[in-house]
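S.K.: Sharing a sequence plus its predicted fold:
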Amino acid sequence: MASVWNARLATQQNSVLSINGLGMITHIDSDELLKKYLLGELREEQRATLEERYFNDSEIYDRLLVAEDELIDSYVRGALSNSQRDHFENYFLRSADRRDRVEFARSLTAFVSEGSPVGATALPSTSSSIGPATSGLRRLKPRLVMSAAAILLLLLSGIAFFLETKKLREDIRRAEADREELERQREDLERRLETERARGNEIAAELDNARSQGNANRSSSQPNAQTFLLFVLRPSGSRGPGALQTLEIGSGLEWVSLELQFKGREYERYDAILKTATGSEVRSITALTVRSAGSTKTAVWKLAAKDFQNEDYILTLRGSTGGGSSEVINEYPFRVRKR
């Protein structure tokens, strides 16, 4: 019964593919074709045909793995021909995984060789029935060594799997911590943005209220006299060459509110200084109130009308950073005419 089974198995293993007269693979008729594939000795179209077959046929794929193990074993034992050894070293060993397997096979072979009895002689037998028994005893130790080696291989594989799993868990934990940190930063930015929006709305409401009160005071006390003037200043680069904005100050005007429009980055603090065109300082202020409307920002500075004379002025707006340094944002030249 065993011989019939072995014959059927051999027939099954030797009847899968072969190469026709045109050099195309039709089915594998021996494991030598698989070894030629692993050694890179097949043409490109043959390799493509074989790869398509073992991708779709688990039996061919299993035989390919067996042929791979046999090549590694033959290489370690020095059983390959010179041509096969050259292909093995220059093509098969391109893979780091295969190089690791070859090193393991070498270590395992050396381990088994050291554990096997070297130079041992068989005990003389007294009868023909004792011979098989002593032969079995002599084979017992190598088998135990192979079993121990197999157990060691399983143990090392388990340890490697455990370490890899531990590393993956650590990577997942770090990724989760990074995600939580990014989420926390996003929520913090949203809170800060909401706070800034609320502050801007409050400033706008206060300014509207001040304008309303100013209009009410003017209309109730001096209907025909203007006591508060809003003057919008634009940067020098936004006007034509030589064009100066003119601030007209009439009699009875008490306050001038200068609105400085600009664009650019955010600063921690905004300061301004007003000088005459000849360089004499008139007024300066720190921590100006700034509101934003889209990309345009507006700083508001309220000055007494009596601070101005009939001459040209330059107002410089500066922004301060956290390190204590400041830089010029814009300059606003304008002319004052008092009536």
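M.R.: Thanks, I have the structure now.

S.K.: Near residue 47, how many other residues are there?
M.R.: 15 (other C-beta atoms under 10 Å). In this view, the C-beta of every residue, glycine as well, is placed from N, C-alpha and C.

S.K.: Flag every buried residue along the host helix or strand of it.
M.R.: Counting by DSSP states H and E, the element that carries residue 47 is helix 44-56. Buried residues in helix 44-56, defined by neighbour count with 16 or more other C-beta atoms under 10 Å: 46, 49-50, 53-54.

S.K.: Now do the helix or strand containing residue 203, average pLDDT.
M.R.: Using DSSP H and E, the element containing residue 203 is helix 130-221. Averaging pLDDT along helix 130-221 gives 79.

S.K.: Also stretch 282-292?
M.R.: On average, stretch 282-292 scores 90.

S.K.: got the phi/psi numbers for residue 273?
M.R.: phi -140, psi 140 (degrees, to the nearest 10).

S.K.: measure it to residue 35 for me?
M.R.: Distance of residue 273 to residue 35, given as C-beta to C-beta, to the nearest Å: 87 Å.

S.K.: Those two: which is more packed in?
M.R.: More crowded of residue 273 and residue 35, by other C-beta under 10 Å: residue 35, with 21 against 15.

S.K.: pLDDT value on that one, please?
M.R.: 91.

S.K.: can you check residue 250 too?
M.R.: 87.

S.K.: my read: it touches residue 308, true?
M.R.: No - Residue 250 is not in contact with residue 308 according to C-beta atoms under 8 Å; the separation is 12.0 Å.

S.K.: before we move on, the earlier item: using PDB, write out the CA atom coordinates for the helix holding residue 47.
M.R.: C-alpha atoms of helix 44-56 as PDB (Å, rounded to 0.1, in the frame of the first residue of the first chain):
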ATOM      1  CA  GLU A  44      11.600  36.600 -18.900                       C
ATOM      2  CA  GLU A  45       8.500  35.200 -20.600                       C
ATOM      3  CA  GLN A  46       9.200  31.800 -18.900                       C
ATOM      4  CA  ARG A  47       9.400  33.500 -15.600                       C
ATOM      5  CA  ALA A  48       6.200  35.400 -16.200                       C
ATOM      6  CA  THR A  49       4.300  32.200 -17.100                       C
ATOM      7  CA  LEU A  50       5.600  30.300 -14.000                       C
ATOM      8  CA  GLU A  51       4.800  33.200 -11.700                       C
ATOM      9  CA  GLU A  52       1.300  33.400 -13.000                       C
ATOM     10  CA  ARG A  53       0.900  29.600 -12.400                       C
ATOM     11  CA  TYR A  54       2.200  29.600  -8.800                       C
ATOM     12  CA  PHE A  55       0.200  32.700  -7.900                       C
ATOM     13  CA  ASN A  56      -3.000  30.800  -8.900                       C
END
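
S.K.: Could you point out the helix or strand that follows that helix?
M.R.: As the chain continues past helix 44-56, the following element, by DSSP H and E, is helix 58-76.
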